[in-house]
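Novice: here is my input, please return the structure:
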Amino acid sequence: MSFKYSTISVALRRYILLPFYWKWIKHSRVLDYYHILQEQQWNSLEKNREIQAHRLYRLLEYASENIPYYKRIVKNQSIKVSEDTIFDDIKKFPFLTKKIIREHFNELYRFRDNTYYLNHSGGSTGEPVEFYQDKTYADWSQATTLLFNDWAGCPIGSRIAKLWGSERDVFKGTHGLKGSLSGFLYNQRLVNAFNMSRQQIEDFINMINRWKPTMILAYVEPIYEVAKIAVRKNWSVYSPTSIMTSAGTLFEAFRNQIENAFNSPVFNRYGTREVGDVACECSKHNGLYISIPTHFVEIARSNGETCAGGETGEIAVTSLTNYTMPLIRYKIGDRGSLKEKACPSSRGLPLLKSIEGRVTSIFRNRRGDIISPEYFIHLIGVVLNKRIIIKKFQVIQEQKDFIIVKLILNSQNKKIVKALISEIEEKIKLVMGVETTVEFEFVDAIPLSPSGKYLYTISKVHHEED
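Specialist: Okay, the predicted model is just below:
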């Protein structure tokens, strides 16, 4: 009976509820774009490059004529673009950075209709930023996510358990009516990854065992910690069709531990708030397919030159669907490389070989609770930084009850800064414990690690075995 109900529930959402909701309630083209991407993935790489070239040309042409920042650059540098030479022409445009976005924000967008909205990055490279997106971008972005879910054996309407970040759960103990309705519609259940006690981890495992989701979508570090505990405690864990990880570096040791605990394949997905989901593994796990109909990805050396295949460099992404605020050659802050050989699955898409640069570390409080680094990133970079007062930050756990927060600020207003650090301290103590000392350091610069990576969270605490 349970299996039959689950099958009917999935079919109801896939063929009736979600199509009706997208088309008639949201007036969205998600399903149309999803079918386009489904079809285009099986084109030859050459055909998809033609599609990409056309969309890239249209975006650059539009930006050159309508976006003040790019209009000035095109005029000053006498840049001409042609669809036939677009992959060379784009290299005439400068890279876009978070610093440039902050300094030239009002020159980087133009509203085409009333579907625009303001979004914020979580500051995964320690530098939060805000930007505009629009409905067309959002629809393409969701369609790309649906395609990636397909690759992981999770078609539309399937049950998805999300071990994801929710500030509301931490602050108010609930994800609200809107979140509950969304969870029902999309057949998803959210478990807060920002603050996980041992009991909450057990509850998560019990929910997985009872509900039997098709896929678990999770931040890398929290699901890795859950997997370690499950193996150590020899817990019986239901095996979903797949586990999709994101928002962190999926080291091979992490992948092996998670797959060992759940007896399910792990799929790695890459994306950011600024440009959406960019690339994902298929069932061959031979690298991450880049969605080139929606994104143009470059790997660049520090001097701006394009890296050779297999060579590691800075990742720059051009979103091909956001015309309200075009992000052209946007340096995300990660490093990676492209794969030279094709994947056996025969999709006409290039592959990311590796992604580096997102280095995080798990925090633990005196009670032994696991605190995801993403909590601090979202808290300081997004939730408490709506006015972009914080330019850059780093959170360091010196001891279980001693936290240092380094801040580079855009404002010197003492009243505003005092209120800000009071809120940060309160929210940190909410998860780390009231006995925790939170010390603030206002600095002019935050150094990179010896490996050249920016560490936005650092835990110096030895993590004893549970």
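Novice: report the contact partners of residue 209.
Specialist: 236-238 (Cβ atoms under 8 Å, 6 or more residues apart in numbering). Just so you know, the C-beta spots here come from the backbone N, C-alpha and C atoms, and that holds for glycine as well.
Novice: need the worst-confidence member of the residues you listed.
Specialist: Lowest-confidence member of the contacts of residue 209: residue 236, scoring 90 (pLDDT).
Novice: just to revisit the earlier point, tell me the one of the contacts of residue 209 nearest residue 40?
Specialist: residue 238 (34.4 Å; Cβ to Cβ).
Novice: which pLDDT value belongs to residue 288?
Specialist: 93.
Novice: I'd like to know the average pLDDT value across stretch 65-81.
Specialist: For stretch 65-81, the mean pLDDT works out to 95.
Novice: buried sites along that stretch?
Specialist: For stretch 65-81, the neighbour count (16 or more other Cβ atoms under 10 Å) marks 67, 69-70, 73-74, 81 as buried.
Novice: save the contacts of residue 209 as a markdown table, and put in neighbour count, secondary structure and distance to residue 230 too.
Specialist: As requested, the contacts of residue 209 are arranged in a markdown table below (neighbours: other Cβ atoms under 10 Å; DSSP: H, G, I helix; E, B strand; the rest coil; distance: Cβ to Cβ, whole Å):
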| residue | neighbour count | secondary structure | distance to residue 230 |
| --- | --- | --- | --- |
| 236 | 7 | coil | 9 |
| 237 | 18 | coil | 5 |
| 238 | 18 | coil | 11 |
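Novice: tell me where this protein is predicted with low confidence.
Specialist: 1-5, 122-127, 166-176, 195, 357-361, 448-454, 462-466 (pLDDT under 70).
Novice: and with 50 instead?
Specialist: Counting by pLDDT under 50, the chain contains low-confidence ranges at 1, 359, 451-452, 464-466.
Novice: centroid-nearest residue for it?
Specialist: Central residue of the chain (Cα atoms, centre = their mean): residue 272, 3.6 Å from the mean position.
Novice: can you give me the strands in the stretch 151-300 of the chain?
Specialist: In the stretch 151-300 of the chain, the segments counted as strands under DSSP state E, counting those that start in this stretch are 160-164, 188-192, 215-219, 242-246, 266-272, 276-281, 288-290, 295-300.
Novice: nearest to residue 459, of those strands?
Specialist: Among those, strand 215-219 sits nearest to residue 459 (Cβ to Cβ), with 15.6 Å.
Novice: so which bits of the closest one are buried?
Specialist: Buried-residue list, strand 215-219, by 16+ other Cβ under 10 Å: 215-219.
Novice: off-centre distance for it?
Specialist: On the basis of Cα atoms, centre = their mean, to the nearest Å, strand 215-219 sits 12 Å off its chain's mean C-alpha point.
Novice: adjacent strands (with direction) for that strand?
Specialist: Strand 215-219 sits in its sheet next to strand 160-164 (parallel), strand 242-246 (parallel), going by DSSP bridges.
Novice: what residues does that strand touch?
Specialist: Residues outside strand 215-219 that contact it (Cβ under 8 Å, 6+ apart): 149, 152-154, 158-165, 193, 208, 223, 240-248, 262, 264, 372, 374.
Novice: that older thread, would CSV of the contacts of residue 209 with distance to residue 143 be doable?
Specialist: Listed next are the contacts of residue 209 as CSV, based on distance: Cβ to Cβ, whole Å:
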residue, distance to residue 143
236, 37
237, 32
238, 29
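Novice: so what secondary structure elements neighbour the longest helix along the chain?
Specialist: Counting residues, the longest helix found in the chain (DSSP state H) is helix 45-66. Applying 3 or more Cβ pairs under 8 Å, 6 or more residues apart in numbering; DSSP states H and E, one finds that helix 45-66 contacts helix 68-77, helix 86-89.
Novice: can you show me the CA trace of the longest one as CSV?
Specialist: Read that as helix 68-77. Only the C-alpha atoms of helix 68-77 are listed here, as CSV (Å, rounded to 0.1, in the frame of the first residue of the first chain):
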residue,chain,number,x,y,z
PRO,A,68,25.9,51.2,-18.8
TYR,A,69,29.0,49.4,-17.5
TYR,A,70,29.4,47.4,-20.7
LYS,A,71,28.3,50.2,-23.0
ARG,A,72,31.2,52.2,-21.7
ILE,A,73,33.7,49.3,-22.0
VAL,A,74,32.6,48.5,-25.6
LYS,A,75,32.9,52.2,-26.6
ASN,A,76,36.2,52.8,-24.9
GLN,A,77,37.9,49.7,-26.2
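Novice: end-to-end on stretch 282-300?
Specialist: Across stretch 282-300, the terminal residues are separated by 25 Å (Cα to Cα, to the nearest Å).
Novice: quick one: distance of it to the chain centre.
Specialist: When distances are taken as Cα atoms, centre = their mean, stretch 282-300 is centred 15 Å away from the chain's centroid.
Novice: quick one: buried residues of that stretch?
Specialist: Neighbour-count burial for stretch 282-300 [16+ other Cβ under 10 Å]: 282, 286-300.
Novice: who's in contact with whatever helix or strand residue 39 lives in?
Specialist: Taking DSSP states H and E as the criterion, residue 39 maps to helix 30-40. Contact with helix 30-40 is made by 18-19, 22-23, 48, 51, 139-140, 142-144, 146-147, 150, 156, 291, 293-294, 348, as judged by Cβ under 8 Å, 6+ apart.
Novice: and the angle from it to helix 45-66?
Specialist: Comparing the axes of helix 30-40 and helix 45-66 via axes from the mean of the first three to the mean of the last three Cα atoms, to 10 degrees yields an angle of 140 degrees.
Novice: buried stuff in helix 30-40?
Specialist: Within helix 30-40, the residues that count as buried by 16+ other Cβ under 10 Å are 30-31, 33-34, 36-37, 40.
Novice: could you do stretch 202-212 as well?
Specialist: 204-205, 208.
Novice: any chance of the strands of the stretch 151-300 of the chain in CSV, plus distance to residue 135?
Specialist: Conversion of the strands of the stretch 151-300 of the chain to CSV gives the following (distance: least, Cβ to Cβ, whole Å):
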stretch, distance to residue 135
strand 160-164, 23
strand 188-192, 22
strand 215-219, 23
strand 242-246, 23
strand 266-272, 19
strand 276-281, 13
strand 288-290, 24
strand 295-300, 18
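Novice: which one of those strands lies closest to residue 337?
Specialist: Of all the strands of the stretch 151-300 of the chain, strand 295-300 comes closest under Cβ to Cβ, at 6.0 Å.
Novice: could you export the next helix or strand after that closest one as CSV, CA atoms only?
Specialist: Counting by DSSP H and E, the element after strand 295-300 in chain order, helix or strand, is strand 313-319. Extracted in CSV, the C-alpha atoms of strand 313-319 (Å, rounded to 0.1, in the frame of the first residue of the first chain):
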residue,chain,number,x,y,z
GLY,A,313,42.9,27.9,-13.0
GLU,A,314,40.3,30.3,-11.9
ILE,A,315,36.7,29.5,-12.9
ALA,A,316,34.8,32.3,-14.7
VAL,A,317,31.2,31.9,-15.6
THR,A,318,28.9,33.8,-17.9
SER,A,319,25.2,33.2,-17.3
